[in-house]
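In: task: produce atomic coordinates for the following.
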Amino acid sequence: SSEVERHSKVKLIVSSGVGEEMPNYVGKNIDDVKASLPSSIHLIEKEEQSDKKPGTIIRQEGVAAGDLYDTAGETDVTLYYVPYVKVTIPADIVGKPIEEATSQLEAMGVTVVRAHRDTSALSQSEIDKIKVGTVIETMPAAGSEYTQKKDSYVTLYFY
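Out: Presented below is the predicted three-dimensional model:
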């Protein structure tokens, strides 16, 4: 039992009696956790550098894993995760050979998908102008900001 000074303020927290065990989110991906988080948990996200894979939760604060929390209220949990790679897609990537463009983006930490464009709907004069194996478009657009998350990628289109 604790002693409390007479006439001092005391904060009481009354439990509804219904509690759930807080999961251990450390080691999981922040986006996966956000997608499956119960509405009774208010998530506070913080980035923290680590040698772990980007998006990986490295620390959990507020309610420790295994502790009970009240599902009837709102519980604050702070998850510290390794920041994702944020880059600007080079504006000069369009016009580069597909191999060079792929290597350049991968060196920046970007996942690349290559999409070969179909020439069957083009006229012969259009086909004659094509630089085969050269990037003609990117998605997202060249020059735009891009965040490399677990399931995201940059598409390079070429003939």
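
In: which stretches of this protein have low pLDDT?
Out: 1, 14-17 (pLDDT under 70).

In: all the helices of the protein, residue numbers only.
Out: Using DSSP state H, the helices of the chain run over residues 30-36, 98-107, 124-129.

In: wait, which of those is closest to Q148?
Out: Checking the helices of the chain against Q148 by CB to CB gives helix 98-107 as the closest, at 9.6 Å. In this view, the C-beta of every residue, glycine as well, is placed from N, C-alpha and C.

In: which strands and helices sit next to the closest one?
Out: In terms of contacts (3 or more CB pairs under 8 Å, 6 or more residues apart in numbering; DSSP states H and E), helix 98-107 is packed against strand 112-116, strand 154-158.

In: what's the offset of that helix from the middle of its chain?
Out: Mean-position distance between helix 98-107 and its chain equals 22 Å (CA atoms, centre = their mean, to the nearest Å).

In: show me the contact partners of that helix.
Out: Contacts of helix 98-107 with the rest of the structure, by CB atoms under 8 Å, 6 or more residues apart in numbering, involve I89, P90, I93, K96, V112, R114, G133, T134, V135, V154, L156, F158.

In: just give the nearest non-adjacent residue to the fourth one, would you?
Out: Okay, so that is K96. Computed as CB to CB, 6 or more residues apart in numbering, the closest residue to K96 that is not its neighbour in sequence is V135, at 5.4 Å.

In: unless I'm mixing things up, the one you found is touching F158, no?
Out: Yes: look at V135 against F158 with CB atoms under 8 Å: they come within range, at 5.4 Å.

In: sorry, back to before: ok, the residue nearest to K96 to V10 distance?
Out: Going from V135 to V10 by CB to CB, to the nearest Å gives 67 Å.

In: who has more neighbours, the two?
Out: V135 (22 against 7; other CB atoms under 10 Å).
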